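Colleague: next comes the sequence, and after it the predicted model I'd like to discuss.
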Amino acid sequence: MDKQELSTFVAERAAKCNVLVVGDVMLDKYYYGEVNRISPEAPVPITHVTSQKETLGGAANVAHNLARLGCKTTLAGYVGDDYHCQSLEEKLTARGIDYRGLVHTDRPTTTKLRVIGGHQQMLRLDFEETTPPDVVYIARLQNYIAQKLSESLDAVVISDYDKGTCTESFCQYVIREAHAHGVPVLIDPKGPNWTKYAHADYLTPNLKEINEVLIEPIRNKDDAVERAAHYVMRKYKIRNMMITRSEAGLSLVREDDALHVPTRAQEVFDVSGAGDTVIAVLAMGLAGGLRSKAAAFLANLAAGVVVAKLGTYAVSNEELLGALANLPEGEIGA
């Protein structure tokens, strides 16, 4: 597939993709300021706040990426009845994301609040409850997913941030139901228990995450990554894996072959949310009918855009088209 064909896909076919994102929904809050003195009350720096922002995080950031790429996007997960939920829902509304799958619980809306002095993170406050919710809430979420799968979906993404949503029974329910409707499941994993992801169509760990499930950690080399991926695929019955490898780019490993795509980032400022972008673009590509190699190439290109930004960031359709336009002719081997 050449550059023009990929550009046409991003510009025209992405809008026809219908993707459900399920998982740990979060709000990211940032307070930016200047630090010029130490508090007289305690030996801590005083940050004079000059600006602030709130962005969609976790599964909500995956949905944000998909929406900015032009896909029809639905988000499902757990939130609380609090200010953070109100802010989250306002942002989802503004971005055209269907959030009727959000189940309101008696837990707080998962929120990460970061205080940044200059370019240095000074403090992070987490508002969260990481144990699984009560069974009544789980039933509501599963019923919504079953209802959504009865409609026309092209892909399901499970975004696991280890905040209590993606238990083994829940992940297996989603995979089983999606496959019963012929819908592929892509998972961004978290933690060492990958039994819960068994039979997934795609797993998108980074190198650190795959090392957590290996007996011995591997080096960031093509052959080592391939061997590790095949081992994991056999052990957990995963059909395909796409491993993000920081400065080495990413690797798509399938049963009978592998593709290693070098990084496209010119400067790396912040890798926050890059994994969300990778799985979102991969899901968009597969939902739109791209071959997996072409989808992996697009995902790597999008990651190069995101890591050059500060903070959690969702890549847009226009930015991805711009990155494609700047590629030298003949570079795409997907």
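Modeller: Noted; the coordinates are in hand.
Colleague: strands along the stretch 151-300 of the chain, start to end?
Modeller: Ranges of strands in the stretch 151-300 of the chain, per DSSP state E, counting those that start in this stretch, are 155-159, 185-188, 202-203, 240-244, 250-253, 258-261.
Colleague: report pLDDT for the spatially most central residue of the chain.
Modeller: Central residue of the chain (C-alpha atoms, centre = their mean): Asp276, 2.1 Å from the mean position. Reported pLDDT at Asp276 in the predicted model: 92.
Colleague: what does Val135 give?
Modeller: Note for Val135: predicted pLDDT of 97.
Colleague: ok, how many other residues are close to it?
Modeller: If you count neighbours by other C-beta atoms under 10 Å, Val135 ends up with 8. The C-beta positions use only the backbone N, C-alpha and C, and glycine is treated the same way.
Colleague: check Met242 too.
Modeller: 25.
Colleague: Arg107 too?
Modeller: Arg107: 21 neighbours (other C-beta under 10 Å).
Colleague: contact partners for the residue nearest to it when sequence neighbours are not counted?
Modeller: Closest residue to Arg107 apart from its sequence neighbours, by C-beta to C-beta, 6 or more residues apart in numbering: Glu129 at 4.2 Å. By C-beta atoms under 8 Å, 6 or more residues apart in numbering, the residues touching Glu129 are Arg107, Pro108, Thr110, Gly164.
Colleague: so the second one belongs to a strand, correct?
Modeller: No - secondary structure of Pro108 (DSSP: H, G, I helix; E, B strand; the rest coil): coil, not part of a strand.
Colleague: what sits against it?
Modeller: Gly80, Asp82, His84, Phe127, Glu128, Glu129.
Colleague: got JSON lines for those residues, with pLDDT too?
Modeller: JSON lines is the format used below for the contacts of Pro108 (pLDDT from 0 to 100):
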{"residue": "Gly80", "pLDDT": "97"}
{"residue": "Asp82", "pLDDT": "96"}
{"residue": "His84", "pLDDT": "98"}
{"residue": "Phe127", "pLDDT": "97"}
{"residue": "Glu128", "pLDDT": "97"}
{"residue": "Glu129", "pLDDT": "96"}
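Colleague: between the residues you listed, which is nearest Leu252?
Modeller: Glu128 (32.6 Å; C-beta to C-beta).
Colleague: find the nearest non-adjacent residue to the closest one, please.
Modeller: Nearest in space to Glu128, with sequence neighbours left out and distances taken as C-beta to C-beta, 6+ apart, is Thr110 at 4.5 Å.
Colleague: His260 versus the one you found, what's the distance?
Modeller: Thr110 is 34 Å from His260, where distance means C-beta to C-beta, to the nearest Å.
Colleague: kindly report the same for Ala323.
Modeller: On the measure of C-beta to C-beta, Ala323 and His260 end up 19 Å apart.
Colleague: returning to what we had before: look up phi and psi at the residue nearest to Arg107.
Modeller: Backbone geometry at Glu129, expressed as degrees, to the nearest 10, gives phi -140, psi 120.
Colleague: number the residues from 546 up from this point.
Modeller: In the new count, where the first residue is 546, that last one comes out as Glu674.
Colleague: residue contacts, Phe672?
Modeller: His629, Pro653, Thr654, Thr655, Thr656, Lys657, Leu658.
Colleague: identify the bridge partners of it.
Modeller: Beta bridges link Phe672 to Thr656, judged by DSSP bridges.
Colleague: now it: how far from Gly602?
Modeller: 12 Å.
Colleague: overlap of the contact sets of the two?
Modeller: Thr655, Lys657.
Colleague: burial measure for Lys854, as a count.
Modeller: 16.
Colleague: and Tyr644, what's its pLDDT?
Modeller: Taking Tyr644 on its own, its pLDDT is 98.
Colleague: which ones are touching the closest residue to Arg721 other than its chain neighbours?
Modeller: Among residues not flanking Arg721 along the chain, His744 sits closest, at 7.9 Å (C-beta to C-beta, 6+ apart). With contacts defined as C-beta under 8 Å, 6+ apart, His744 is in contact with Gln717, Ile720, Arg721, His724, Lys782, Ile783, Arg784.
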